[in-house]
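Colleague: task: produce atomic coordinates for the following.
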Amino acid sequence: MDLLNPLFLIPITTGPFFVLTGIIMLKSPPKKINSLYGYRTISSMKSQERWDFSQKYSAWLMIKSGIAYSLISLPGLLLKLKTSETIRTLLGIGMLIAYAAYLILKTEKAIKEKFGEK
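Modeller: Below you'll find the model as predicted:
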């Protein structure tokens, strides 16, 4: 077992962070549209109704996805890839970027489905 493998270390540290952030957003969502805190995109900031929906939706998605992302770290703990540390780090960062993109794309799709284009 390699506890310092980036394919383990990156998901196991950031996954719980996303879960915690999702819980905080769920328990204390931003009440009004703002540019400092919450799920902030052009689409989510078009109306208060969109804002409220996107905060709750993205918070639940962060919690569920953060748990899944943490579990993804387990193969990274057990795998012994014959690649350089740099390659494993880049793969770990790539997974994190893909995870963040998934959260945004999934939330934006849900906003579009619920409220349409306008």
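Colleague: who's sitting farthest from the centroid in the chain?
Modeller: Relative to the mean C-alpha coordinate of the chain, counting by C-alpha atoms, centre = their mean, the farthest residue is K82 (28.6 Å).
Colleague: just give me the neighbour total for Y57.
Modeller: Number of residues near Y57 (other C-beta atoms under 10 Å) recorded here: 17. In short, each C-beta sits where N, CA and C put it, glycine included.
Colleague: pLDDT weak spots in the chain?
Modeller: Across the chain, the ranges flagged by pLDDT under 70 are 118.
Colleague: ok, which stretches of it are helices?
Modeller: In order along the chain, the chain carries the following helices (DSSP state H): 6-27, 48-78, 85-115.
Colleague: I'd like those as CSV, with distance to Y39 appended.
Modeller: CSV is the format used below for the helices of the chain (distance: least, C-beta to C-beta, whole Å):
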stretch, distance to Y39
helix 6-27, 8
helix 48-78, 4
helix 85-115, 6
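Colleague: can you tell me the closest non-neighbouring residue to E49?
Modeller: Excluding the flanking residues, the one nearest E49 by C-beta to C-beta, 6 or more residues apart in numbering is F115, at 7.5 Å.
Colleague: and the one you found, how close does it get to Q48?
Modeller: Noted for F115: a distance of 12 Å to Q48, by C-beta to C-beta, to the nearest Å.
Colleague: how about the residue farthest from the centre of the chain, what does it touch?
Modeller: For K82, no residue counts as a contact, taking C-beta atoms under 8 Å, 6 or more residues apart in numbering as the criterion.
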